[in-house]
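**Student:** Sequence first, predicted model second:
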Amino acid sequence: MGYVFDFKDAGLYDAWFDQAKNRYCLDLEIKLMMDLLSPKRGQRILDIGCGTGISLEPLLDKGLNLTGLDPSQYMLDLASKRLGNKVDLHRGVAEELPFEDNAFDSAFFFTSLEFTDRPAKAIEEACRVAKDSVVLCVLNRHAPLNMVRRVKSFFVPNIYTHVHFFSIWELKQILFAILGNVPIKWKTTLQFPFACGRMARFVENFQIVQKSFFGTLIAMRIQPVPKFRTKPLVLKVRKAKAYNPASGLATRMRQ
């Protein structure tokens, strides 16, 4: 199941985005996620590890059927306040999704896969319930900003103490191991550590920047091969009935 946010974590998570610089980074990440998700009106979308609902907000007014899942009731309470009745919220874990096969058109992780104990199983479950695409948005191990976050967490415990940072190569290795050679598309946000103005936002749109192996956030889109959870069924075989000849019939035939 991995790390589950408590009451304090839930409050700090939302408060972190109140800072202008952090909000700027969030906007870049959301834009990248939306580019790869490419939602279309009427689609069923699942946010796995929806947290307080920040990653679902940009999808609210697009005519989508939205569902969010998170293991933390504290995070879901904040998500409910933010989203109201526009999203169907569930408490559960990514490694065992409480949904039927192909129940959604698309599913995504937005900085939540990092907190799971079994990321491969979580991805496999996402591909089971989503028939068209799965988008992974994860923090990059090789990004300078994330390296600083990791070092700080060793000395001052914080939310990053519980994070497993990924690399592009690690994600691909996991995906190919469980899904085979499925189509994959990826981009990154560079997020300049000391710049968040108009010029930095302009540079972030360059294709060469969005293909940086050192980008802060990795967004990867998978087209999953359909998988189904099967149950062994008991095969009932009806035995043919044995019939005895009518009395006296065999005697008459011999005569």
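**Tutor:** Happy to help now that I have it. Please read all numbers here as calculations on a predicted model, not as lab measurements.
**Student:** Can you give me every residue that contacts Ala94?
**Tutor:** Contacts here follow CB atoms under 8 Å, 6 or more residues apart in numbering; on that basis Ala94 touches 2, 48-49, 69, 71, 109, 112-113, 116, 121-122, 125-126. In short, each C-beta sits where N, CA and C put it, glycine included.
**Student:** Out of those residues, which comes closest to Glu170?
**Tutor:** Distance from Glu170 was checked for each of the contacts of Ala94 by CB to CB. The minimum falls on Leu113, at 11.3 Å.
**Student:** Centroid-nearest residue for the protein?
**Tutor:** When the chain is reduced to its mean C-alpha position, the nearest residue by CA atoms, centre = their mean turns out to be Phe109, at 3.0 Å.
**Student:** surely that residue meets Leu136?
**Tutor:** Yes - Phe109 sits in contact with Leu136 when judged by CB atoms under 8 Å, with a separation of 5.2 Å.
**Student:** coming back round to it: restricted to strands, list the contacts of Ala94.
**Tutor:** When the contacts of Ala94 are checked against strands using DSSP state E, the ones located there are Ile48, Leu69, Phe109.
**Student:** Take the residues you listed and write them to TSV, including distance to Ser153 and pLDDT.
**Tutor:** As requested, those are exported to TSV (distance: CB to CB, whole Å; pLDDT from 0 to 100):
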residue	distance to Ser153	pLDDT
Ile48	24	98
Leu69	26	98
Phe109	21	98
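**Student:** quick one: which of the residues you listed is nearest to Gly11?
**Tutor:** Distances from Gly11 to the ones in strands among the contacts of Ala94, taken by CB to CB, are shortest for Leu69, at 20.6 Å.
**Student:** what pairs with whichever helix or strand Ala107 is part of, and is each one parallel or antiparallel?
**Tutor:** Secondary structure here is read from DSSP states H and E; on that basis Ala107 sits in strand 104-110. When pairs are called by DSSP bridges, strand 104-110 turns out to pair with strand 44-48 (parallel), strand 130-139 (parallel).
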